[in-house]
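K.L.:
What follows is a predicted protein model with its sequence.
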Amino acid sequence: MYNICFYFIMFLFYAIFGWVMECIVCSINSKKFVHDRGFLIGPYCPIYGYGAMYMYFFLNRYYNDPIALFVMAMVGTSALEYFTSYFMEKLFKARWWDYSNVRFNLEGRICLRNSIAFGILGMAFVYILNPCFLSVIEKIPNTVLIVISCFCFIVFLTDNILSFSIMSKLKKNLTNIRKDSTSDIDKQVRKMLSNNKFYWRKLFNSFPKVKISLPSGETITNSIRKTLDSFDVLRKERKKRKKELKKELKGKKESSK
């Protein structure tokens, strides 16, 4: 029981670490604060957790050979990113990230730049990050670790169920959009997005280069972004109106005194 909880906590820690790292990198690149990353609602990117587990089980044997360690980290994590992209596209009919405009890419799913970064990250994991993580985790009493792990697992599992349920509805709704007319697509998209606006907004903010792999996919993607923008405008207008009403009420109260 303890070992399972230990591995899950490790997985979750690096999933959160990956989310933080993604937010920092994207914020620097876009020159604004970015906090929407990943498919799930919570602050974690599971692909980094899976990558960490691969490194933990398979890379420690290369501890005394930094070159082999770098190469194995680069190859293993790149394969993980490639197959994640492939299966997510097949599962949800959408390409969530695309490196086609980056030099030395493979089908737009992975690129040399990221692979090198993952290789460096793998070395940091083995030599710095994981030793620090293990030194901290070993100080936590077994019972406490098990309780924390069970609670986090329930939260993580619930998040997965909710997120994948919404994503499945996304796929179903997208495949039902058959019209070629932009106005018809706009109507269907607005109806489709009326529920779960928060998740839709998060999803398309997390993956700004998403490409829907369906007929009229580009038109549908543009329509979704346009509709989400219109929802944001309405939300801001409501907030503004609320503030104005509060000021009016406050003014009336003060004048009546």
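P.N.:
Thanks, I have the structure now.

K.L.:
quick one: low-confidence ranges for the stretch 51-200 of the chain?
P.N.:
173-189, 191-197 (pLDDT under 70).

K.L.:
how about a cut-off of 50?
P.N.:
Applying pLDDT under 50 to the stretch 51-200 of the chain flags no residue at all.

K.L.:
ranges for the strands of it?
P.N.:
94-95, 105-106, 110-111 (DSSP state E, counting those that start in this stretch).

K.L.:
Using CSV, lay out those strands together with distance to residue 61 and mean neighbour count.
P.N.:
C-beta: built from backbone N, CA, C; applies to glycine. Below are the strands of the stretch 51-200 of the chain laid out as CSV (distance: least, Cβ to Cβ, whole Å; neighbours: other Cβ atoms under 10 Å):
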stretch, distance to residue 61, mean neighbour count
strand 94-95, 35, 21
strand 105-106, 27, 14
strand 110-111, 24, 22
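
K.L.:
Run a quick neighbour tally on residue 70.
P.N.:
19 (other Cβ atoms under 10 Å).

K.L.:
I'd like to check which residues are in contact with it.
P.N.:
Applying Cβ atoms under 8 Å, 6 or more residues apart in numbering, we find residue 70 in contact with 119-120, 122-123.

K.L.:
repeat that with 7 Å
P.N.:
119, 122-123 (Cβ atoms under 7 Å, 6 or more residues apart in numbering).

K.L.:
what about residue 223, how many neighbours?
P.N.:
23.

K.L.:
how much space is there between the residue most central in space within the chain and residue 202?
P.N.:
In the chain, the residue lying closest to the centroid (Cα atoms, centre = their mean) is residue 38, at 0.3 Å. Residue 38 sits 9 Å away from residue 202, going by Cβ to Cβ, to the nearest Å.

K.L.:
Kindly report the same for residue 161.
P.N.:
Taking Cβ to Cβ, one finds residue 161 at 16 Å from residue 202.

K.L.:
quick one, which of the two is more surrounded?
P.N.:
When residue 161 and residue 202 are compared for neighbours, residue 202 comes out ahead with 19 against 10, by other Cβ under 10 Å.

K.L.:
That one sits in which helix or strand?
P.N.:
Using DSSP states H and E, the element containing residue 202 is helix 197-206.

K.L.:
quick one: strands adjacent to whichever helix or strand comes after that helix?
P.N.:
Next in sequence after helix 197-206, counting helices and strands by DSSP H and E, comes strand 211-212. Here strand 211-212 has these sheet partners by DSSP bridges: strand 94-95 (antiparallel).

K.L.:
residues touching the residue nearest to the centre of the chain, list them.
P.N.:
19, 44-45, 206.

K.L.:
Reformat the residues you listed as CSV; add neighbour count, secondary structure and distance to residue 27.
P.N.:
As requested, these are exported to CSV (neighbours: other Cβ atoms under 10 Å; DSSP: H, G, I helix; E, B strand; the rest coil; distance: Cβ to Cβ, whole Å):
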residue, neighbour count, secondary structure, distance to residue 27
19, 21, helix, 12
44, 25, coil, 17
45, 24, coil, 15
206, 20, helix, 13
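
K.L.:
Tell me the one of the residues you listed nearest residue 156?
P.N.:
residue 44 (7.5 Å; Cβ to Cβ).

K.L.:
Can you check the pLDDT for the closest residue to that closest one other than its chain neighbours?
P.N.:
Among residues not flanking residue 44 along the chain, residue 15 sits closest, at 3.8 Å (Cβ to Cβ, 6 or more residues apart in numbering). Looking at residue 15, its pLDDT reads 94.
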